[in-house]
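Colleague: Return a 3D structure for these sequence lines:
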Amino acid sequence: MSSKEKGFVKDLIDFYKSSTNFITNCEKPDKKEFFTIAKQCSLGFLIMGSIGFVIKLIFLMINNILLS
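Modeller: Residues are numbered from 1 along each chain as shown. Prediction:
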């Protein structure tokens with residue numbers, strides 16, 4: 001094996017070790033924390049979706065005005 005391949009394999013092994021260390025040290029969120037995160041994510045999706053919807057409506061009106 002060349003030195004490049006050895007470095008790549010060493011990087012993969014280091015990544016595997018750090019990933020397993022991260023997973024074993026993680027804790028599951030409790031019920032209250034989970035629902036807080038779920039509410040915040042759904043609120044973010046709702047806000048971003050409504051912003052996108054409003055922008056789409058504005059551009060549809062502009063295109064209809066320009067093309068008609």
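Colleague: From now on I want contacts and neighbour counts done on CA atoms only, so please keep to that.
Modeller: Noted.
Colleague: Distance-wise, check the residue positioned nearest the centre of the chain relative to Phe35.
Modeller: The chain has Cys41 as the residue nearest its centroid, 10.8 Å off, counting by CA atoms, centre = their mean. According to CA to CA, to the nearest Å, Cys41 and Phe35 sit 10 Å apart.
Colleague: tell me which element the residue nearest to the centre of the chain falls in.
Modeller: Per DSSP states H and E, Cys41 falls inside helix 31-67.
Colleague: try Asp11
Modeller: With DSSP H and E as the criterion, Asp11 is inside helix 3-25.
Colleague: any idea of the mean pLDDT in that helix?
Modeller: Mean pLDDT, computed over helix 3-25, is 89.
Colleague: Could you do stretch 35-51 as well?
Modeller: 98.
Colleague: What residues sit buried inside it?
Modeller: The neighbour-count criterion (16 or more other CA atoms under 10 Å) identifies no buried residues in stretch 35-51.
Colleague: For that stretch, what is the distance to the chain centroid?
Modeller: Centre-to-centre, stretch 35-51 and its host chain are 13 Å apart (CA atoms, centre = their mean, to the nearest Å).
Colleague: who touches it?
Modeller: For stretch 35-51, there are no surrounding residues in contact (CA atoms under 8 Å, 6 or more residues apart in numbering).
Colleague: Restrict that stretch to CA atoms and write it as CSV.
Modeller: Written as CSV, here are the backbone C-alpha positions of stretch 35-51 (Å, rounded to 0.1, in the frame of the first residue of the first chain):
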residue,chain,number,x,y,z
PHE,A,35,-41.5,18.2,22.6
THR,A,36,-39.8,21.6,22.9
ILE,A,37,-37.5,20.7,20.0
ALA,A,38,-40.4,19.3,17.9
LYS,A,39,-42.5,22.5,18.5
GLN,A,40,-39.5,24.7,17.5
CYS,A,41,-38.9,22.7,14.3
SER,A,42,-42.5,22.7,13.3
LEU,A,43,-42.7,26.5,13.9
GLY,A,44,-39.7,27.0,11.7
PHE,A,45,-41.1,24.9,8.9
LEU,A,46,-44.4,26.8,9.2
ILE,A,47,-42.7,30.2,9.0
MET,A,48,-40.4,29.2,6.1
GLY,A,49,-43.3,27.7,4.2
SER,A,50,-45.5,30.7,4.6
ILE,A,51,-42.7,33.0,3.5
